[in-house]
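Colleague: Here is the input, now give the coordinates:
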Amino acid sequence: HRSHQYHKRNLKQAAIIMTNPKDDLFAGLELQNVDESFQKDKDILLAAVQQNGWALEYADESLKKDKDVVLAAVKQNVWTLGNAYEAFKKDKDVVLAAVQQNGLVLHYADKLLKKDKDVVLAAVQQDGRALQYADKSLKKDKDVVLAAVQNIKEESSCMFP
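Modeller: Below you'll find the predicted structure:
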């Protein structure tokens, strides 16, 4: 009887994750309170990180290495890239998804991607201040520098965690 209640409570918490509104500041973070089996469930984890990218922190290690999950987390909150496995900081798709939303997360990208013109151009087109994180070779590239100069954001738009 007691284990049935425990399971029922965990199912209820998992259902909350799946249905929580995205504008809830703590949406998705219920993942920390559910049974480990749900932290290993990709559907539940995807629902959680789509509401709050920081929910990735409470995922099972195997899912922290899942590109779909990390991409969903980064698309919801670009700053989760900073806590992602190093392999994702080298993954052009993941880094592009992040810098297209906030160029300043170029800071977390692997040094090879800081030399990648496509990635750096996407970052500086979103926020010219991202040029500071680019490789020095691209700081001499006219296209990159022009895009950066044309897209300078105000200091107040920087939202480091």
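Colleague: looking at the chain, which helix or strand is least sure?
Modeller: helix 2-19 (a mean of 46; mean pLDDT, DSSP states H and E).
Colleague: pLDDT of the helix or strand just after that helix, averaged?
Modeller: Later in the chain than helix 2-19, the nearest helix or strand by DSSP states H and E is helix 36-39. Averaged over helix 36-39, pLDDT sits at 78.
Colleague: Could you look up the next helix or strand downstream of helix 36-39?
Modeller: Later in the chain than helix 36-39, the nearest helix or strand by DSSP H and E is helix 42-51.
Colleague: what helices or strands is that following helix leaning on?
Modeller: Judged by 3 or more Cβ pairs under 8 Å, 6 or more residues apart in numbering; DSSP states H and E, the packing partners of helix 42-51 are helix 2-19, helix 67-76. Where you see a C-beta, it was placed from the backbone N, CA and C, and this is true even at glycine.
Colleague: Using PDB, list the CA coordinates for it.
Modeller: Output of helix 42-51 as PDB, limited to C-alpha atoms (Å, rounded to 0.1, in the frame of the first residue of the first chain):
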ATOM      1  CA  LYS A  42      13.400  11.100 -22.100                       C
ATOM      2  CA  ASP A  43       9.800  12.200 -22.700                       C
ATOM      3  CA  ILE A  44       9.500  13.600 -19.200                       C
ATOM      4  CA  LEU A  45      13.000  15.200 -19.300                       C
ATOM      5  CA  LEU A  46      12.200  16.800 -22.700                       C
ATOM      6  CA  ALA A  47       9.000  18.200 -21.300                       C
ATOM      7  CA  ALA A  48      10.900  19.600 -18.200                       C
ATOM      8  CA  VAL A  49      13.800  21.200 -20.200                       C
ATOM      9  CA  GLN A  50      11.400  22.700 -22.700                       C
ATOM     10  CA  GLN A  51       9.800  24.600 -19.700                       C
END
